[in-house]
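K.L.:
Compute the structure for the input listed below.
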Amino acid sequence: MFHAHIVDYAYPPHCHDTWTVLIVDAGAIRYDLDTRHCGASRETVAILPPGVIHDGRPDDRAREGFWKRNIYLNASMLPTGLTGAAVDKTNLHDPFLRAALVGLHESLTIREEPLDGEARLAMIAERIAAHLLTRRPRLAAPETSIAHTLRQLLDEHLTEPITLQQAARSLDRSVPHLIRSFRQAFAISPHAYVIGRRVEAARGMLLRGAKPAAVAVDVGFYDQAHFTRHFKKHTSVSPAKYAAGGR
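P.N.:
Here you go, the predicted model:
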């Protein structure tokens, strides 16, 4: 990802090997994509496909330039056949997609664990593809049985790194389908479920006298700050305070 405030700079014509997904937080940007004159503002999501020449500069009316956030998606995240459609339809007016991108940026900025970012990315890529495809694909109905199987898989790997891609390969389903099925069955995301289970396990260990730093690692958080942030969100107090209060 890339965050920037651009005031008096113009990008020269260039291209990327990746898909660029751009949101503007303030101001406005003008850019030429292939032979088209385009612009992006706070109301849009700009999609720039790989291999297509483009530039970028502040809109003449934006005296303070523009604030932007980019996500660069590996070319394999979206079908290569969508390049032409992305050139023709570079600006998407989709508040839900924009909000999802803001959530992804925030997740990556605070270094949330990959399970969260992976789920957000999969749903974002699916929504972008749906905009660019000539025909929107019919989504398979959520499966309760698959949701319970995924839950069991998450329980079995609660303290170990596991990705939704691994789960999707194991269960022969797509990542977005797994997420939809899980949300339909349990009303939370797979990531939120895992965090909740880890916090519950941590509570018991703290009350038995374990040190917060050791508990953080033992229940699967990558560091104590990550553990403390989620523990306070679930219990309203820090791990150390919780342990002291329990005693």
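
K.L.:
Pull out the buried residues from the helix-or-strand element of the chain with minimal mean pLDDT.
P.N.:
None of the helices or strands of the chain scores lower by mean pLDDT, DSSP states H and E than helix 239-246, at a mean of 87. Within helix 239-246, the residues scored as buried using 16 or more other Cβ atoms under 10 Å are Pro239, Tyr242, Ala243. From N, CA and C alone the C-beta is placed, and that goes for glycine too.

K.L.:
what does stretch 70-79 give?
P.N.:
Neighbour-count burial for stretch 70-79 flags Asn70, Ile71, Tyr72, Leu73, Ala75, Met77, Leu78 (criterion: 16+ other Cβ under 10 Å).

K.L.:
quick one: which of these is nearest Ser181?
P.N.:
Ranking the buried residues of stretch 70-79 by separation from Ser181, with Cβ to Cβ as the measure, puts Met77 on top at 21.1 Å.

K.L.:
Could you tell me the model confidence score at the nearest residue to the closest one once chain neighbours are set aside?
P.N.:
Counting by Cβ to Cβ, 6 or more residues apart in numbering, Met77 lies nearest to Ala125, which is 4.8 Å off, once chain neighbours are set aside. Per-residue confidence for Ala125 comes out at a pLDDT of 95.

K.L.:
Can I take it that Ala125 is in a strand?
P.N.:
No. According to DSSP: H, G, I helix; E, B strand; the rest coil, the state of Ala125 is helix, so it is not within a strand.

K.L.:
what's the neighbour count on it?
P.N.:
Burial of Ala125, expressed as a neighbour count using other Cβ atoms under 10 Å, amounts to 20.

K.L.:
Next up, the contacts around it.
P.N.:
Contact analysis of Ala125 by Cβ atoms under 8 Å, 6 or more residues apart in numbering lists Leu73, Met77, Leu78.

K.L.:
Asp17 too?
P.N.:
Taking Cβ under 8 Å, 6+ apart as the definition of contact, the neighbours of Asp17 are Pro50, Gly51, Ala75.

K.L.:
quick check, nearest of the residues you listed to Leu92?
P.N.:
Among those, Pro50 lies closest to Leu92 (Cβ to Cβ), at 17.2 Å.

K.L.:
what sits against the residue nearest to that closest one when sequence neighbours are not counted?
P.N.:
For Pro50, ignoring the flanking residues on the chain, the nearest one in space by Cβ to Cβ, 6+ apart is Ala75 at 4.9 Å. With contact taken as Cβ under 8 Å, 6+ apart, Ala75 is in contact with Asp17, Thr18, Trp19, Pro50.
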